[in-house]
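1. predicted model follows, preceded by the sequence.
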Amino acid sequence: MKTATLSGLSKAKQPTVRKSLAPVLMSATAAFVLGYLIIRGSLPQLLIILGGILFLLLLYFRIEWGIGVLIASMLYELPILPQVDLSLTRVLSLPVFLICWLKIFVDQKKIKYDKFKDTVILLLLVWMILSYFHAVDVTRVTTGLFTYIQLAFTYFTIKTIIDTETKLVKVLLITIGAALCIGAFTVITMLRQPDALIYSDSFTQSGRIGGSSFDPNYFALGLVFMVGISMYFFLIKHKIFLLPVALFALLILSTFSRGGIIGLLIVVSLSILHGAKLGFRSLFRCFVLLSAFFAVALVLNKGDKIKTRVESIQDSTTYRTRLDLMVVALEMGAHNPLWGVGLQNFSYNSHLYGTMTHYRREAHNGYLEIVATLGVPGMLLFCLLLFTIFRDLHDYQIVARSNMAEDYILLARFIEISFWGYLASAFFLSLLMQKLFWVIITFSSVFSVQKDSLIKNTLLE
């Protein structure tokens, strides 16, 4: 009996020992590094290392902050240092994931494996790997595969750390705040140019605002998702969140991305329709939002540039080019139905199914590009992945309704609305499985875990 009791006590103390071990190891490492720099290093090096240590300590005790900033940094794709090809996301990834896995070890968290969804993700990665055997440009396959493996790793890490709705709300709040800072930085760069807010052609050669991203369309696609999340906080939580909604909408319009504008309209429309069902207070906020949106559109539409850009969807040349590229994607998929032409190899094969004018052109349709590059099996796996996302969000809303978790039900619904806007934008852009797509998968998995927890608690009661 004593042996069993002592064994039980030792097992019970293990988590406590681990939790005390992590700060001790971090403190010892910090003391060693600081001591070495004080003796041998210079003051600038000392300050940089000290700042890094404080940042890591902040991440350890407020990991939700680090994850939120990391997600928002996916909007900032430009190199943060001159002549160094490092984006903000890459710089933040290492410390954030280092602390995440330290917390997983210390807290003895189990990596949650969804048998259906995660198996589909792994099969999709395996199917991408098979592109090595038939792709024209293997380098692009390597680059793309490395990115997707990183994103899958991000998915498994974040969903292990963020395992409750409360933590998810914290992450989303930090994400919106950090994205607001990135948006404000972009607006400042716009204001430094003459008449930038009325889309001066002198701002960029094309008159489009790329923001902090390498591509205006990518910037717009990420902001469409941010608008949907901001709409949740604006309609449900506080009217102060009108600021990020208006700023993100302004930046989407500034990109002149037709796909982004369509996604914005879908997210705002669905959010307002849903907000109107929530009562007079939300209806009034919808009215304020519409008024602000209309006023911003009037100010920005000087010279009818927004109108011209949207109407150019029906322009004969633009319409024909996009239609031709869609036909090229369909023919490419029809000639390579099993394997496709290889991951990220569409632009290097487009002239073979069209003309030389299509060489190095993207499909401008994320769904057809998947069919062309990964074949029909790749598209089926992707559709299964989409199914799991909507299934998780929908099932959670049904189960949580009986547990009176109204705020979290609405959060799941607005994430779903954001995803609809994202998918609509991706129909006009070759940017479907980008970084934020994997973030949305992660969010849906949080609701899946909580749904199972609610069902388990209900059965126990």
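-> All right, it came through fine.
2. export the host helix or strand of Ile149 as PDB, just CAs?
-> Remark: Ile149 resides in helix 138-161, with elements defined by DSSP states H and E. Extracted in PDB, the C-alpha atoms of helix 138-161 (Å, rounded to 0.1, in the frame of the first residue of the first chain):
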ATOM      1  CA  VAL A 138      11.100  20.100 -59.400                       C
ATOM      2  CA  THR A 139      12.500  23.300 -57.700                       C
ATOM      3  CA  ARG A 140       9.000  24.700 -57.500                       C
ATOM      4  CA  VAL A 141       7.700  21.400 -56.100                       C
ATOM      5  CA  THR A 142      10.400  21.500 -53.400                       C
ATOM      6  CA  THR A 143       9.600  25.100 -52.500                       C
ATOM      7  CA  GLY A 144       5.900  24.500 -52.400                       C
ATOM      8  CA  LEU A 145       6.200  21.300 -50.500                       C
ATOM      9  CA  PHE A 146       8.500  22.800 -47.900                       C
ATOM     10  CA  THR A 147       6.000  25.600 -47.300                       C
ATOM     11  CA  TYR A 148       3.000  23.200 -47.000                       C
ATOM     12  CA  ILE A 149       4.900  21.000 -44.500                       C
ATOM     13  CA  GLN A 150       5.600  24.100 -42.400                       C
ATOM     14  CA  LEU A 151       2.000  25.000 -42.500                       C
ATOM     15  CA  ALA A 152       0.900  21.500 -41.500                       C
ATOM     16  CA  PHE A 153       3.400  21.700 -38.700                       C
ATOM     17  CA  THR A 154       1.900  25.000 -37.700                       C
ATOM     18  CA  TYR A 155      -1.600  23.500 -37.800                       C
ATOM     19  CA  PHE A 156      -0.700  20.600 -35.400                       C
ATOM     20  CA  THR A 157       1.200  22.900 -33.100                       C
ATOM     21  CA  ILE A 158      -1.400  25.700 -32.700                       C
ATOM     22  CA  LYS A 159      -4.400  23.300 -32.300                       C
ATOM     23  CA  THR A 160      -2.500  21.600 -29.500                       C
ATOM     24  CA  ILE A 161      -1.900  24.800 -27.600                       C
END
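3. what does the average pLDDT come to for that helix?
-> In this model, helix 138-161 carries a mean pLDDT of 90.
4. what angle separates the following helix or strand past that helix from helix 138-161?
-> Reading on from helix 138-161 to the C-terminus, the next helix or strand found by DSSP H and E is helix 165-191. Orientation check (axes from the mean of the first three to the mean of the last three Cα atoms, to 10 degrees): helix 165-191 against helix 138-161 gives 130 degrees.
5. buried residues in helix 165-191?
-> Within helix 165-191, the residues scored as buried using 16 or more other Cβ atoms under 10 Å are 165, 168-176, 178-180, 182-183, 186-187, 190. In this view, the C-beta of every residue, glycine as well, is placed from N, C-alpha and C.
6. what of stretch 103-110?
-> Neighbour-count burial for stretch 103-110 flags 103, 106 (criterion: 16+ other Cβ under 10 Å).
7. what about that stretch, average pLDDT?
-> Computed over stretch 103-110, the average pLDDT equals 84.
8. stretch 415-434 now?
-> pLDDT averaged over stretch 415-434 gives 89.
9. ok, Val328 to Thr373 distance?
-> Here Val328 is placed at a distance of 12 Å from Thr373 (Cβ to Cβ, to the nearest Å).
10. could you find the closest non-adjacent residue to Leu180?
-> Pro244 (4.9 Å; Cβ to Cβ, 6 or more residues apart in numbering).
11. who touches the one you found in this structure?
-> Remark: with contacts taken as Cβ atoms under 8 Å, 6 or more residues apart in numbering, Pro244 is in contact with 176, 179-180, 183, 226, 230.
12. so how far is Trp101 from it?
-> For Pro244, the distance to Trp101 - Cβ to Cβ - is 31 Å.
13. ditto for Leu431
-> 29 Å.
14. those two: which is more packed in?
-> Just comparing Leu431 and Trp101: by other Cβ atoms under 10 Å the higher neighbour count belongs to Leu431, 24 against 14.
15. pick out the lowest-pLDDT one from the contacts of Pro244.
-> Out of the contacts of Pro244, that is Gly183, at 82.
16. tell me the pLDDT of Asp452.
-> Confidence score, pLDDT, at Asp452: 81.
17. and Ser291, by the same measure?
-> 73.
18. kindly provide the distance from it to Asn217.
-> Counting by Cβ to Cβ, the gap from Ser291 to Asn217 is 28 Å.
19. give me the contact list for the helix holding Ile149.
-> Contacts for helix 138-161 (Cβ under 8 Å, 6+ apart): 63, 67, 93, 97, 100-101, 103-104, 109-112, 118, 121-122, 125, 128-129, 131-132, 135, 167, 342-345, 348, 433, 435, 438-439, 441-442, 445-446, 449.
20. show me which residues of that helix are buried.
-> The neighbour-count check on helix 138-161 (16+ other Cβ under 10 Å) flags 140-141, 144-145, 148, 150-152, 154-155, 157-161 as buried.
21. quick revisit: filter the contacts of helix 138-161 down to the buried ones.
-> By neighbour count, with 16+ other Cβ under 10 Å, those hold 63, 67, 93, 97, 100, 103, 118, 121, 128, 131, 135, 342-345, 348, 433, 435, 438-439, 441-442, 445-446, 449 as buried.
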